[in-house]
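S.K.: The following block contains a protein sequence and its predicted model.
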Amino acid sequence: MALKVIIAGGGTGGHIFPGVAIAREFQSRDSANEVLFVGTEQGLEKKIIPKEGFKLEMIHVAALKSVSMAKRIKSLLMLPGSFLEVHKLLKSFRPDVVIGVGGYSSGPVLLLAALQGLPTMVIEPNALPGFTNRVLANFIDKAAVTFEVSKPYFKGKAVVTGNPVRGEFQNIAKKTRASQNHLLIFGGSQGAHAINMAMIEALPKLEAKKAKLSITHQTGEKDLEQVRAAYQQHGWSADVRPFIDKIVDEFARADLILCRSGATTVAELTAAGKAAILVPFPLAADDHQRKNAEALEQAGAAKMIVQKDLTIERLAKELVDLIDNQEKIDLMEIASRKLAHTDAAAKTVDLALALINQKNKR
């Protein structure tokens with residue numbers, strides 16, 4: 001029998017793309033399974049989900065944490081309307097299971113679904129669960145987590161599945177080295193100012209490697225023109241974009257990747273078996289990005305540069321060392337692929353199906 005699935009949450013690619021991986025896994029089990037995403041106008045889901053071929057419904061909700069008191073009060077005043085929107089949505093769609101992928105938009109959806117007795121679960125890719133998931137832990141039925149240390153937050157409801165990654169990353173073939181290496185730079189779905197600035201300031205020190213290096217650089221909207229102008233000024237024909245829609249294609253082209261180390265990014269790197277220079281976001285909760293980067297570096301899959309050490313000299317040195325020693329990239333790729341959890345999406349959907357069956361038997 002075909003199922004109806006709601007996947008709620010979003011904001012950033014780190015929340016959205018695991019949801020896409022789960023949605024595709026549901027559809028691979030049965031093409032008649034119907035998946036509906038629920039998000040907000042402010043999040044990247046508005047841009048990403050329709051392009052991925054899934055339906056998206058919007059609700060009006062805003063952040064309660066890490067915002068000013070005025071914004072928090074405004075968000076609280078929005079909640080009654082949010083719950084009314086969610087109530088109408090659940091009544092009309094009648095889901096068999098509701099899955100939260102993180103971000104404040106998942107809160108009202110999962111909470112109301114749980115209170116109505118619908119099967120509910122959340123996805124938690126980080127060692128320290130985010131604020132929304134910590135609150136939802138009291139209400140949901142199950143949690144699919146990536147790390148053992150996350151389990152206590154969910155009070156016996158957590159199962160380690162790994163972080164779901166879109167299957168296309170796992171299908172990326174090992175790239176044959178050429179005389180010119182390709183570097184992919186991105187700082188998450190909205191860019192990373194520190195990485196953007198360090199890279200363009202390091203260009204003069206990479207002048208001698210211009211013939212051996214091509215670059216694709218995702219900047220985010222704010223730094224786009226400054227970064228694009230810098231490459232042009234220094235004579236680089238780099239592909240500079242605010243956002244890369246088909247990031248899988250760019251992973252396939254890349255010999256080396258310079259990026260942050262969020263949970264979803266790390267899962268995608270290892271699924272694709274790519275070598276990376278990782279610059280952890282220093283303000284991430286519980287410093288989890290640094291822990292992610294350290295794990296890859298210790299395994300030989302990546303180099304880590306903490307942001308306070310992201311100098312022009314350090315970045316140029318690491319890039320030149322790898323460009324000039326492609327055998328190091330080869331070894332990093334092997335180590336990276338060994339860390340992959342390629343069955344995470346399947347395990348997550350298995351958990352959801354078991355939850356549905358359990359609820360149906362009651």
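M.R.: Received it, and whenever you're ready, just let me know what you need.
S.K.: CA only for contacts and neighbour counts going forward, please
M.R.: OK.
S.K.: Tell me how many other residues crowd the residue lying closest to residue 201 once chain neighbours are set aside.
M.R.: Closest residue in space to residue 201, ignoring its immediate chain neighbours: residue 312 at 6.3 Å, by Cα to Cα, 6 or more residues apart in numbering. Residue 312 has 17 neighbours, counted by other Cα atoms under 10 Å.
S.K.: And residue 12, by the same measure?
M.R.: By other Cα under 10 Å, the residues close to residue 12 number 18.
S.K.: isn't it right next to residue 43, touching?
M.R.: Yes: between residue 12 and residue 43 a contact is recorded at 6.5 Å, counting by Cα atoms under 8 Å.
S.K.: hmm, who's touching stretch 345-362?
M.R.: 18, 21-22, 25-26, 96-97, 119, 121, 141-142, 144, 161-166 (Cα atoms under 8 Å, 6 or more residues apart in numbering).
S.K.: swap that for stretch 222-238, please
M.R.: Outside stretch 222-238, the residues touching it (Cα under 8 Å, 6+ apart) are 193, 196-197, 200, 203-204, 210, 214-217, 219, 240-242.
S.K.: What is the nearest of the residues you listed to residue 69?
M.R.: When the contacts of stretch 222-238 are compared for distance to residue 69 (Cα to Cα), residue 193 wins out at 26.6 Å.
S.K.: I'd like the mean pLDDT over stretch 80-94, please.
M.R.: The average pLDDT within stretch 80-94 is 88.
S.K.: Show me which residues of it are buried.
M.R.: Judged by neighbour count (16 or more other Cα atoms under 10 Å), stretch 80-94 contains these buried residues: 82, 83, 85, 86, 87, 89, 90.
S.K.: Low-confidence stretches in this protein?
M.R.: When residues are selected by pLDDT under 70, those of the chain lie in 62-68, 72-79, 188-191, 285-286, 362.
S.K.: Tell me where it has strands.
M.R.: 4-8, 34-39, 55-58, 97-100, 120-124, 142-145, 158-160, 181-185, 213-218, 239-241, 256-259, 276-278, 302-304 (DSSP state E).
S.K.: Now tabulate these in CSV and tack on distance to residue 284 and mean neighbour count.
M.R.: As requested, these are exported to CSV (distance: least, Cα to Cα, whole Å; neighbours: other Cα atoms under 10 Å):
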stretch, distance to residue 284, mean neighbour count
strand 4-8, 22, 25
strand 34-39, 22, 22
strand 55-58, 27, 17
strand 97-100, 20, 27
strand 120-124, 15, 28
strand 142-145, 18, 27
strand 158-160, 22, 21
strand 181-185, 20, 23
strand 213-218, 20, 22
strand 239-241, 25, 17
strand 256-259, 14, 24
strand 276-278, 14, 28
strand 302-304, 16, 24
